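Enquirer: predicted model follows, preceded by the sequence.
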Amino acid sequence: MSIKVVLYGNLRNVAKNLDETETIGTVNIEGPGITKISDILEQLDIEEKDVSHIFLNRDYSAPEREVEDGDRVALFPIDMALLYKWYFNRKK
């Protein structure tokens, strides 16, 4: 399984120790055992409380949402919070 993860703001610091691919803050997560977004957070050693918004394939998503091979996950830090939580429902 291969998932592209894009990290924004200070979460990009997480990518410094990882093998970056296309741009700064972009990493590919590969391997078995990743079924949900929360598994990605765990593998990247990012606490859920430090993330304000998660997008899976451009849909505002919850950490419990399942991922599949080829998905794209975007993570925004708490200091880049947007108004999404008031206007859009998270997909689970």
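Expert: In hand now; what should we look at?
Enquirer: buried sites along the longest helix seen in the chain?
Expert: Longest helix of the chain, by residue count under DSSP state H: helix 37-43. For helix 37-43, the neighbour count (16 or more other CB atoms under 10 Å) marks 37, 38, 39, 40, 41, 43 as buried. For every residue, glycine as well, the C-beta is placed using N, CA and C.
Enquirer: equivalent analysis for stretch 58-76, please.
Expert: For stretch 58-76, a neighbour-count test (16+ other CB under 10 Å) marks 60, 61, 63, 65, 67, 71, 73, 74, 75, 76 as buried.
Enquirer: for the nearest residue to the fifth one once chain neighbours are set aside, give me its contacts.
Expert: To tie it back to what came earlier, the one meant is residue 67. Excluding its sequence neighbours, the residue lying closest to residue 67 (CB to CB, 6 or more residues apart in numbering) is residue 3, at 5.7 Å. For residue 3, the contacting residues are 28, 29, 30, 34, 40, 67, 69, 70, 71, 72, 73, by CB atoms under 8 Å, 6 or more residues apart in numbering.
Enquirer: ditto for residue 81
Expert: Residue 81 touches 52, 53, counting by CB under 8 Å, 6+ apart.
Enquirer: per-residue confidence at it?
Expert: Listed pLDDT for residue 81 reads 73.
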